[in-house]
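> Prediction below, plus the sequence it came from.
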Amino acid sequence: MPQPVIAAVGASPVGRTDLPGRDLFSVAIEEAFEGRPDPADLVEAVYVGNQSESYEHQIMYGTLLA
């Protein structure tokens, strides 16, 4: 079985914002792949982490962002 590799990490800014969670995810993913080839050419799997379901009452972030 191949070993997992973390090739890039992105994070959305901490603080108050009017952006919904999906847009914050976009900020993080753009940062993670900045200066790299198209993610579709590189990525085999993505793990979406979320601090708390109560943030936007959306525990299924992975499904929503796919």
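Now that the structure is in, tell me what you want to look at.

> where are the low-confidence patches of this structure?
7-11, 13, 48-66 (pLDDT under 70).

> Name the residues of the longest helix seen in it that come out as buried.
With secondary structure taken from DSSP state H, the chain has its longest helix at helix 21-32. Judged by neighbour count using 16 or more other C-beta atoms under 10 Å, the buried positions of helix 21-32 are 24, 25, 28, 29, 32. Bear in mind the C-beta positions are built from the backbone N, C-alpha and C, glycine included.

> I'd like the distance between the fourth one and residue 3.
By that I understand residue 29. Using C-beta to C-beta, to the nearest Å, residue 29 is found at 23 Å from residue 3.

> Show the secondary-structure elements that the longest helix of the chain is packed against.
Here helix 21-32 touches helix 61-65, going by 3 or more C-beta pairs under 8 Å, 6 or more residues apart in numbering; DSSP states H and E.

> and with 10 Å instead?
The elements that helix 21-32 packs onto, with contact taken as 3 or more C-beta pairs under 10 Å, 6 or more residues apart in numbering; DSSP states H and E, are helix 39-42, helix 61-65.

> Residue 12 sits in which helix or strand?
If you go by DSSP states H and E, residue 12 is not part of any helix or strand.

> Spit out the contact partners of it.
Residues counted as contacts of residue 12 (C-beta atoms under 10 Å, 6 or more residues apart in numbering) are 19, 21, 23, 24, 25, 26, 27, 28, 29, 30, 31.

> Recalculate using a threshold of 7 Å.
Shown in contact with residue 12 (C-beta atoms under 7 Å, 6 or more residues apart in numbering): 24, 27, 28.

> ok, so of those residues, who is nearest residue 14?
Closest to residue 14 out of these is residue 24 (10.3 Å), distances taken as C-beta to C-beta.

> Report the spatially nearest residue to that closest one, omitting neighbours in sequence.
Excluding its sequence neighbours, the residue lying closest to residue 24 (C-beta to C-beta, 6 or more residues apart in numbering) is residue 12, at 3.8 Å.
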